[in-house]
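1. Got a sequence here, can you model it:
(one chain, ligands or ions: 1)
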Amino acid sequence: MSSIPKILVINGPNLNMLGLRQPEVYGSESLSDVENRCQQKGTSLNLEVTCKQSNMEGDIVTWIQQARNDYDGILLNAGAYTHTSVAIHDAILSSETPVIEVHLSNIHAREEFRHHSYISPVAIGMICGFGTLGYDMAMDAMKAHLQK
Ligand code: CA2
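-> Predicted coordinates:
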């Protein structure tokens, strides 16, 4: 691990719409608010944080592949690809970089199609249901994991 661990935060499809629609499900904070929060949490934990968002599955696959060389850990909210993407599952396996899965909502309290995650079996852990606080929790968990 490098002296200041580098953490990549990836938000997937439609998360650029945060704060603009469905605040009852996803809260009122924007994606920028979430990313600023991750940066602040990273600073407090002495982690170097980079945030990316894409609506494209291939971007997310490529970023996870590249993380092998450039990052010590990934926080991943893959959005709806969580429930569909074998490609992201395979990318996590090949990157050999620890991934913590994050969801704003409690996916197990929602529609049945959200109950299955292709990410969970290849993540070191998963946090869901705590809104944007979940990113802070995941950052704490990643710091602890990297210190083990
Ligand atoms: O709870 C989460 O964080 C999710 O990953 C969010 C995804 C959803 O498909 C997953 O099942 C759970 C959807 C993100 C969409 O975000 C929006 C935010 C505001 C307005 C519209 C969509």
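2. only C-alpha atoms for contact and neighbour calcs from this point on.
-> Noted.
3. which regions of this protein sit below the pLDDT cut-off?
-> Scanning the chain for pLDDT under 70 picks out 1-2.
4. Tell me which residues of stretch 58-73 come out buried.
-> 60-61, 63-65, 67-68, 71-73 (16 or more other C-alpha atoms under 10 Å).
5. which one of these sits closest to the ligand?
-> residue 60 (13.8 Å; C-alpha to the nearest ligand atom).
6. Is that closest one in a helix, a strand, or coil?
-> Following DSSP: H, G, I helix; E, B strand; the rest coil, residue 60 is assigned to helix.
7. if I pick residue 4, what's in contact with it?
-> Under the criterion of C-alpha atoms under 8 Å, 6 or more residues apart in numbering, the contact list for residue 4 reads 46-48.
8. contacts with the ligand among the buried residues of stretch 58-73, please.
-> When C-alpha under 6 Å from any ligand atom is applied, no member of the buried residues of stretch 58-73 is adjacent to the ligand.
9. Among these, which are located in strands?
-> Secondary structure from DSSP state E places residue 73 of the buried residues of stretch 58-73 in strands.
10. pretty sure residue 131 contacts residue 27?
-> Yes - judged on C-alpha atoms under 8 Å, residue 131 makes contact with residue 27 at a distance of 6.9 Å.
11. OK, contacts around the closest residue to residue 72 other than its chain neighbours?
-> If the residues on either side of it in the chain are set aside, residue 72 comes closest to residue 6, at 5.3 Å by C-alpha to C-alpha, 6 or more residues apart in numbering. For residue 6, the contact set (C-alpha under 8 Å, 6+ apart) comprises 47-50, 70-73.
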